[in-house]
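got a predicted structure here, sequence first:
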Amino acid sequence: MGTLKTEPARSRPDLLAPPVAAALGRWPADATVPVDDVLVAPIDPTLADTAAFCAAYDVGLDASANCVVVAGRREGTLRYAACVVLATTRADVNGVVRRHLDVRKASFAPMADAVGLTGMEYGGITPIGLPESWPILVDARVVTTPYVIVGSGVRHSKIALPGSALALLPGAEVIEGLARPAA
């Protein structure tokens, strides 16, 4: 986890967006990944973007995951999903994600929509605490990562947790081939 100084996330709600803190408060006591294995670390908010964060905190891109909000319309209804992929890859938005959402065209949700619907800051959106009606599509490579770094819902911290924990989130689906290697 590079040079991050971590501690249990539920003990630091000041480092979490409200929906994230609420989701950690509902973490099942019998989960295969205990809530205290979900860690948080403060960071410089100007370094929240993946490349800058990884360089500044000595975290490999292969241990950092991005959560992107995708939207598509079908018969007048807007459908959302969150995609979690390693920073070394890119989500296959117009292939795998589009088919999963059963829409004609999928694209990254506009920033205002992503922020407004999640209650999280742009650049800090995390799969923890997303609207329960959204599917959370997790690339299979993410869940095999011993510890992965994701957003915390705010730009001034990051969450570190076992990759397998992301498969336990409400609405999570692990998908082989969700992402392709970054060019």
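On my side now, so go ahead.

state the mean pLDDT of the strand or helix carrying Arg98.
Using DSSP states H and E, Arg98 maps to helix 98-101. Per-residue pLDDT values across helix 98-101 average out to 92.

show me what counts as buried in the helix or strand following that helix.
Going down the chain from helix 98-101, the next helix or strand is strand 106-108, by DSSP H and E. Of the residues in strand 106-108, those with enough neighbours to count as buried (16 or more other Cβ atoms under 10 Å) are Ala106. (C-beta placed from N, C-alpha, C; glycine too.)

run through who's touching strand 106-108.
By Cβ atoms under 8 Å, 6 or more residues apart in numbering, the residues outside strand 106-108 that reach it are 68-72, 93-94, 97-98.

filter those to the buried ones?
Burial of these was assessed by neighbour count (16+ other Cβ under 10 Å); the buried members are 68-72, 93, 97-98.

on that earlier part again, okay, the contacts of strand 106-108 in JSON lines with distance to Val148 next?
Putting those into JSON lines (distance: Cβ to Cβ, whole Å) gives the following:
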{"residue": "Val68", "distance to Val148": "15"}
{"residue": "Val69", "distance to Val148": "18"}
{"residue": "Val70", "distance to Val148": "20"}
{"residue": "Ala71", "distance to Val148": "24"}
{"residue": "Gly72", "distance to Val148": "26"}
{"residue": "Val93", "distance to Val148": "20"}
{"residue": "Asn94", "distance to Val148": "25"}
{"residue": "Val97", "distance to Val148": "20"}
{"residue": "Arg98", "distance to Val148": "25"}
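
filter those down to the ones in helices?
Secondary structure from DSSP state H places Arg98 of the contacts of strand 106-108 in helices.

farthest pair in the contacts of strand 106-108?
Put simply, by Cβ to Cβ the two of these set farthest apart are Val69 and Asn94, 15.2 Å from each other.

how is the nearest residue to Pro162 once chain neighbours are set aside assigned, secondary-structure-wise?
Distance criterion Cβ to Cβ, 6 or more residues apart in numbering; nearest residue to Pro162, sequence neighbours excluded, is Val33 at 5.3 Å. At Val33, secondary structure determined by DSSP: H, G, I helix; E, B strand; the rest coil is coil.

can you give me the buried ones in the helix holding Arg98?
98, 100-101.

just stretch 169-177 next, same as before
So for stretch 169-177, counting by 16+ other Cβ under 10 Å, buried means 169, 172, 174-175.

from the chain's centroid, how far away is that stretch?
For stretch 169-177, the gap between its own C-alpha mean and the chain's C-alpha mean amounts to 12 Å (Cα atoms, centre = their mean, to the nearest Å).
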